[in-house]
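In: requesting a structural model of the entry that follows:
(one chain, ligands or ions: 3)
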Amino acid sequence: MDAYIYADKYLRDEPLLAEIPEELGEELQPGCQVLFSPGSNSRKTVIGYIISLEPGRPEGVQPDGTVVDLLNNAHPVLTEVTLQLALWIADYYVSRPIEAIHALLPAPLKTTVQDIVELCGFQLRSGGEKIVTTALRKNILSALRESDKPTVRQLEKKLGKKNLYRTLGIMERGGLLQIRKKFPASGPKTRTAYRLRDDLPPETGDMLKRAPRQADAVEKLRLSPNACLFPEESNISRDTLEALVSKGLAEKIRIEIQSSFSSGFSEPKKVIEQLSPLQNAALNELKEASRKGTFTPFLLHGVTGSGKTIVYIELLKTVLDAGKNAIVLVPEISLTPQTASRFRHHFGDDIQILHSAMSNQEKYDAWQKLRTGKARIALGARSTIFAPLRNVGAIIVDEEHDGAYKQDRTPRYHARDTAVMRAKLEHAICVLGSATPSFESYSNAQTGKYRLLTLPERVDNAAMPAMKLIPMLENRRITPSLSEVLYMQIRERLKRNEQVILLQNRRGFAGSMLCLDCGHIPMCIHCNVPMVYHASARQLRCHYCGHALPFKGNCLQCSSENLLFKSSGTERIADELRELFPEEKILRMDVDTTSTRGAHAMILKEFHDKKARILLGTQMVAKGLDFPDVSLVGVLMADIGLNIPDFRSGERLFSLMMQVAGRAGRASIPGEVYLQVYNADNPLFAHLLHGSYEAYYHQEMVSRKELNYPPCTRMIVIEFSSPDETAAERAAAACADQFASRKAAENCIVLGPAPAGISRIKGRFRYQVLLKLPGMRIASDVLKHLQYDLMNRWKQQHLSITIDVDPQSLM
Ligand code: ADP
Ligand code: ZN
Ligand code: ZN
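Out: Ligands and ions are numbered 1, 2, ... in the order given. Model prediction:
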């Protein structure tokens, strides 16, 4: 018998034909992980995956090699569905199948380096002897008696590779030994923190008279909630803290960081007595579809605070009751601790939460737990869509519009679309939930491809927060970032002991322009996307089509030189706020203050416990927070984001604004949202004020249709990079030519070549070609051949080409 397999290190599109030895025949099935040895070199082995079994070999065909062993104790590592899903990804997102298979599996499973074998203590008793029948088994036993816990690698050297894993597997099942993955012991991770000594001398103040920074640090240590500080999270330098240590005022301690998710922020369990009529209506439709057991995709469009989470939870209860399993995707688990902890409250050990802070050992254990059905719900970020669960009845994608669902390396799959595909293969229902659905999903709901469910109101009769614009050009400012109006509002809330969230959108882009006098953002006349400043050429360029304009540093509309090239940071704004509100503790949440594990949860907890009343941060503050005392949300420069060179910039900004607005106000305290804007006339803001997603969608869709942008067409970006600029540009031009001349066949619109968003990274020049496909999609074979062909032609110049299907950003 033969099998078709895909194998590690064989970067090719067609499967290998592998011969299967007689004795393995019975146990092999598609999805099994094997060791493959190429015909040319029987001593070499690589990991492979069985795609299909082939009983008869056509005449004259030579196999590429042999399957010499069976891994993972003969349990398939891919289910029928995940195998098909991998092949779909390879085809749709234009990657090699082995790359797609690898994307599906957790790292520790893709290597045998760390496998060790242990004898079991009771091996000489009872039925064990029966299993020791063949020579190999006897040799294994004696080898194990000789050396203590050898690795499989070491046994291979002694006994050869053939059948070793499989035999070990049989012996393991017979209770003679155990194969285990051993991961480098990475003791508990710790971080350095500083705290004041208990025996602080009374003359401390005098000691530090001439060292204001150290005095300030002592004050901060005194006030810090946990009586200790991590230097990377405070704006006190390590040197200052070390100086305090050497003066005997502070001490250094190591704090253990737990990787377990539960150590993060969690809220007290809240019991929801009964669902609102709207929630019930949505839930009933979902339940009914789930009972039918056929593929049904839903879009659940529910405003923030409409209570989507409990609808998911109630749905999953019925799915589990029906004996089926489920997958829940969230954009980033560390940013949505509340959602995750709510699921955990309801499902306890039935749910496995997967997150990036897990160690290899934890990842491996979690994966096996799901594979064996010991946990029945997998919840996590995008790769959780590949959970090795069988019999999946429901897949939920929360915040389905989030860009984090797109994988940014090959295979560049979109987890939301992959979720819909998996649901189809599983005959399951799929629920995409969002307050501001992606236009892709919303248009699918409009055409009836998805069933639309809406929750237009907040639960508990809470009103949607009122939105107001503060046109910055007409308003007095108190500080460079803060208008008088917003300042007064903040003061008002603090007086009433309510809380305030301030957002400074940092989703900026190097070279993005915004005039701070007239609000103008230069746009490409052909593509209707913001143009980007290229300093070296003193030009504004369109990253889609390459259109360029000379630029001398003045606004093209009002000639002002007061231009914003980059967004201003949260740190400076925090300083401004400290000066205005010296008594207040200002919490800052951005990439700098949350780079260490647990820091994000700690900030949330402090805010939740009302240890601080002002939270300032980047778009992070918009996600997954639910704090009852927040009555005001302020956005400092609401235009930032509109100037990003991307056709989705408006859609993204709209979504971010709705999301952050959702943080304000609950039933007891009505919320208000203030947007400081420069482009007060942009229709986006008018739609925002009315809270009208639909109106904004319909307006935007007009220009999407006109300019052939998704969701009206498909889009593919092909990126060319090389240390040799000419090579990158020529290859891009050759590619563009190819499609321009194929126009009739592929019916596509070619833009570019244009320099990529960041035109040079690590010494490599980047160009891109953009394809818009109003009609059918391009066969992935066509793209692959073109890719290999061009890479071959500019091999000497180390040309590399990446293909991004349905790109989420063009950077
Ligand atoms: P969404 O995800 O739609 O923004 P959530 O699921 O976070 O909304 O729900 C918002 C808040 O409302 C949560 O605190 C939740 O516990 C609460 N909630 C949801 N449904 C109900 C209900 N039927 N009765 C009372 N409170 C509810
Ligand atoms: Zn201007
Ligand atoms: Zn253009």
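In: what residues does the chain put near ligand 2?
Out: With C-beta under 5 Å from the ion as the criterion, the chain meets ligand 2 at residues 515, 517-518, 520, 555, 557-558, 560. Every residue, glycine included, has its C-beta placed from N, CA and C.
In: make CSV from those residues and add distance to ligand 1 to it.
Out: Formatted as CSV, the residues of the chain next to ligand 2 follow (distance: C-beta to the nearest ligand atom, whole Å):
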residue, distance to ligand 1
515, 35
517, 38
518, 37
520, 35
555, 39
557, 39
558, 40
560, 40
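In: tell me where the stretch 401-550 of the chain has helices.
Out: With DSSP state H, counting those that start in this stretch as the criterion, the stretch 401-550 of the chain has helices at 415-426, 439-446, 484-495.
In: tilt between the first one and helix 439-446?
Out: In terms of direction (axes from the mean of the first three to the mean of the last three C-alpha atoms, to 10 degrees), helix 415-426 departs from helix 439-446 by 40 degrees.
In: who's in contact with helix 415-426?
Out: Contacts of helix 415-426 with the rest of the structure, by C-beta atoms under 8 Å, 6 or more residues apart in numbering, involve 81-82, 84-85, 88-89, 295, 297, 327, 329, 381-383, 385, 391-395, 397, 400, 405-407, 428-430, 432, 438, 441, 806.
In: stretch 517-528 now?
Out: Contacts of stretch 517-528 (C-beta under 8 Å, 6+ apart): 473, 513-515, 529-531, 540, 542, 544-545, 547, 549, 555-558, 560, 562, 639, 642-643, 647, 677-680, 703, 707, 751.
In: taking the stretch 351-500 of the chain, what residue is nearest to ligand 3?
Out: Nearest residue of the stretch 351-500 of the chain to ligand 3: residue 439, at 20.0 Å (C-beta to the ion).
In: and that residue, what does it touch?
Out: Shown in contact with residue 439 (C-beta under 8 Å, 6+ apart): 648, 651, 697, 700-701, 704, 710-711.
In: apart from its chain neighbours, what residue comes closest to residue 235?
Out: residue 571 (7.5 Å; C-beta to C-beta, 6 or more residues apart in numbering).
In: tell me which strands the top strand by length along the chain pairs with, and in which orientation.
Out: Counting residues, the longest strand found in the chain (DSSP state E) is strand 749-761. Within its sheet, and counting by DSSP bridges, strand 749-761 is paired with strand 764-773 (antiparallel).
In: now check the strand it pairs with, is it near ligand 3?
Out: No. Residues of strand 764-773 are not located near ligand 3 by C-beta under 5 Å from the ion, the shortest gap being 9.6 Å.
In: that strand: which residues count as buried?
Out: Across strand 764-773, burial judged by 16 or more other C-beta atoms under 10 Å covers 764-773.
In: ok, residue 560 to residue 198 distance?
Out: For residue 560, the distance to residue 198 equals 57 Å [C-beta to C-beta, to the nearest Å].
In: same check on residue 480?
Out: For residue 480 relative to residue 198 (C-beta to C-beta), the value is 42 Å.
In: for residue 220, same thing?
Out: 17 Å.
In: and those two? which has more neighbours close in?
Out: Using other C-beta atoms under 10 Å, the more surrounded residue of residue 220 and residue 198 is residue 220, with 13 against 6.
In: the more buried one: what's it in contact with?
Out: 229, 234, 236.
In: just give me the least confident of the residues you listed.
Out: By pLDDT, residue 234 ranks lowest within those, coming in at 72.
In: need phi/psi at the nearest residue to that residue once chain neighbours are set aside.
Out: Spatial nearest neighbour of residue 234, excluding adjacent residues (C-beta to C-beta, 6+ apart): residue 220 at 6.2 Å. When read as degrees, to the nearest 10, the backbone of residue 220 gives phi -70, psi -40.
In: so in the protein, where's the weakest helix or strand by average pLDDT?
Out: One helix or strand of the chain scores below all others by mean pLDDT, DSSP states H and E: helix 743-746, with a mean of 59.
In: ligand 1 contacts on the stretch 251-400 of the chain?
Out: 270, 272, 275-276, 279, 302, 304-310 (C-beta under 6 Å from any ligand atom).
In: from the residues you listed, list the buried ones, please.
Out: For those, buried by 16+ other C-beta under 10 Å: 275-276, 279, 302, 304-310.
In: could you dump those into TSV with secondary structure and pLDDT added?
Out: Converted to TSV, those look like this (DSSP: H, G, I helix; E, B strand; the rest coil; pLDDT from 0 to 100):
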residue	secondary structure	pLDDT
275	coil	92
276	coil	92
279	helix	96
302	strand	95
304	coil	87
305	coil	86
306	coil	91
307	coil	92
308	helix	94
309	helix	93
310	helix	94
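In: still on that earlier bit, just the contacts of stretch 517-528: which are in strands?
Out: Going by DSSP E, the strands hold 514-515, 540, 549, 677, 751 from the contacts of stretch 517-528.
In: show me which of those residues is closest to ligand 3.
Out: residue 751 (7.1 Å).
In: show me what contacts the closest one?
Out: Here residue 751 is in contact with 527, 544-546, 769-772 (C-beta under 8 Å, 6+ apart).
In: thinking again about what came up before, what would the contacts of residue 439 look like in CSV with secondary structure and neighbour count?
Out: Below are those laid out as CSV (DSSP: H, G, I helix; E, B strand; the rest coil; neighbours: other C-beta atoms under 10 Å):
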residue, secondary structure, neighbour count
648, coil, 23
651, helix, 21
697, helix, 19
700, helix, 20
701, helix, 17
704, helix, 20
710, coil, 18
711, coil, 19
